[in-house]
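Asks: Got a sequence here, can you build the structure:
(one chain, ligands or ions: 1)
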Amino acid sequence: VERLDALSREGFGAPDAEQALQGDGLTLRVANTMVENVIGTFGLPNAVAVNFVIDGQERVVPMVIEEPSVLAAVSHMARVVRDAGGFTTDTDPSIMIGQIQLTPQGDHRACVEQLQGHLDELLAAAKDIHPRLRERGGGVRSLEVRELVYDEQAHTREHMVVLQFYIDCVDAMGANMVNTVAERLSPMVESITGEQVRMAILSNLADRRLARAKVSLPLSVWGDDLERSRATCESIAAAWRFAWADPYRATTHNKGVMNGIDAVVLATGNDWRAIEAGAHAFAARSGTYRPLTRWEVIDDRLEGHIEIPLQLGTVGGTIPIHPTVRANLAMMGVTTSRELSAITAAVGLAQNLGALKALVSEGIQAGHMRMHARTVAAVAGATEQEIPLVMADMVAEKDISAHRAELVLKRLRTTQERP
Ligand code: MEV
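Replies: Presented below is the predicted three-dimensional model:
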């Protein structure tokens, strides 16, 4: 409650935030309308990342995550970046992709030509499917015909024709819109080609809906000792090159990026599976799996950049019915999908910087173990006052265990009880 009050005083409040975040956010009644066979709801910590300055604007960023250290690291990095001028971002319009697949029984080239000859007609029909989206400035923008070949070795070769369309979903994630267009266009595609549509669905490789964020840090960013700070910057760039050169490292590097991104995606009621699938496919777009960020020392700066597909909505889906999601979006102060994507990209970049900085200096276990020590102390029954004392002892003794926590607690309580 105190933290919520402080946020509210700073201008980051949300109507009914206390009820939504600390009372029953998602009620059983609402949960029951969301999916089938509901037997309860599931809780996770809902925290806020602080210190973010993005495109000159102060932001607090709600994040839902179970992993310790993520919030501390991202808020710390946001402060470091803020001191160097903050994040700058840039986002594409909310273009999603839909696909209608045909496996022509007749000549596949004729099928392609028939579709190409009717693209204007198909586009006009597609534009009419969502008149309300059009009123909001969105709608189907273009269509193209793609020829694909299934040519796996030792299997029968097969030609496919895919009608692919591009639709601006404005502030919605867009899955339902895309799928409706894809399914409604299918009969027309069948009558133009005389072929049967096999399937019609969106693509989660939302590579026309990219969000980018960048930071530029002085080499003195890590403290007064310039040589040491410069070496840390060089090590961060070397850590990035390791990820570029090796998919084993790139996967973990990107996992760290997604620690931040997924937590914002969850807090804002978005589809994290779509974000994950799109991010990793995008990371592999060159044919090799690569990092989603880039870190380089250029002249006397450490330059960081992220580019990632983000299919995020601020309307639709569970957003109107989930009170916690509504409170989080209000606290964040976002109304548009592009604003939300810009912030989310910045969080991903900051989270990655935090991980790389820790990895090339003290390592990540020190921070993790401090946080873990807190959990161990709490589980052993330490009160709010006792937790720091139990933690300090366990860290100093390098023994972060339930046994040690219980021992310290016993000692503390007997000393306190003595007159
Ligand atoms: C842990 O959740 C994330 C890291 O492994 C990311 C990384 O290695 O870059 C620390």
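Asks: Check the stretch 51-200 of the chain for the residue nearest the ligand and tell me.
Replies: Sorted by distance to the ligand under Cβ to the nearest ligand atom, the residues of the stretch 51-200 of the chain start with E67, at 5.9 Å. Just so you know, the C-beta spots here come from the backbone N, C-alpha and C atoms, and that holds for glycine as well.
Asks: Surely that residue touches G260?
Replies: No - taking contact to mean Cβ atoms under 8 Å, the distance of 10.6 Å between E67 and G260 leaves them out of contact.
Asks: So if I had to pick from these two, which one is more boxed in?
Replies: For E67 and G260, the more surrounded residue by other Cβ atoms under 10 Å is G260, and the numbers stand at 31 against 11.
Asks: quick one: the more buried one is in a helix?
Replies: Yes - assessed with DSSP: H, G, I helix; E, B strand; the rest coil, G260 lies in a helix.
Asks: For it, give me its contacts.
Replies: A49, M63, V70, V74, T344, V347, G348, A350, Q351, N352 (Cβ atoms under 8 Å, 6 or more residues apart in numbering).
Asks: what's the closest of those to E135?
Replies: Within these, distances to E135 taken as Cβ to Cβ reach their minimum at T344, with 26.8 Å.
Asks: show me what contacts the closest residue to the ligand within the stretch 251-400 of the chain?
Replies: Nearest residue of the stretch 251-400 of the chain to the ligand, counting by Cβ to the nearest ligand atom: G256, 2.7 Å away. Remark: with contacts taken as Cβ under 8 Å, 6+ apart, G256 is in contact with Q351, N352, G354, A355, L356.
Asks: same check, this time on T268
Replies: Applying Cβ under 8 Å, 6+ apart, one finds that T268 lies in contact with P62, L312, T314, I319, V325, N328, L329, M332, L340.
Asks: any idea how far V376 is from the closest residue to Q311 other than its chain neighbours?
Replies: The spatial neighbour of Q311 that comes closest, neighbours along the chain excluded (Cβ to Cβ, 6 or more residues apart in numbering), is A206 at 4.3 Å. A206 sits 41 Å away from V376 when distances are taken as Cβ to Cβ, to the nearest Å.
Asks: Over to G117?
Replies: From G117 to V376 the distance is 69 Å (Cβ to Cβ).
Asks: cool, L44 as well?
Replies: For L44 relative to V376 (Cβ to Cβ), the value is 20 Å.
Asks: In terms of neighbours, single out the busier of these two.
Replies: Here L44 and V376 are set side by side on neighbour count (other Cβ under 10 Å), and the busier one is V376, at 22 against 11.
Asks: isn't the more buried one right up against I400?
Replies: Yes - the pair V376 and I400 passes the contact test of Cβ under 8 Å, sitting 5.6 Å apart.
Asks: any residues in contact with both of those two?
Replies: Residues within reach of V376 and of I400 at once, by Cβ under 8 Å, 6+ apart, are M394.
Asks: Helices of the stretch 301-419 of the chain, start to end?
Replies: Applying DSSP state H, counting those that start in this stretch to the stretch 301-419 of the chain gives helices spanning 323-332, 337-360, 365-379, 386-396, 402-417.
Asks: Apologies, that question was intended for the stretch 1-150 of the chain.
Replies: Per DSSP H, counting those that start in this stretch, the stretch 1-150 of the chain has helices spanning 2-9, 17-22, 28-34, 70-83, 108-117, 119-128, 131-135. These are given in chain order.
Asks: And those helices, which one averages the lowest pLDDT?
Replies: Per-segment mean pLDDT for those reaches its minimum on helix 17-22, at a mean of 83.
Asks: Was I right to think G139 contacts Y166?
Replies: No - look at G139 against Y166 with Cβ under 8 Å: they stay out of range, at 10.2 Å.
Asks: Who has more neighbours out of the two?
Replies: Neighbours were tallied for G139 and for Y166 using other Cβ under 10 Å; the higher tally belongs to G139 (21 against 18).
Asks: looking at the sheet around V215, what are its partners?
Replies: Partner residues in beta bridges with V215, using DSSP bridges, are G304.
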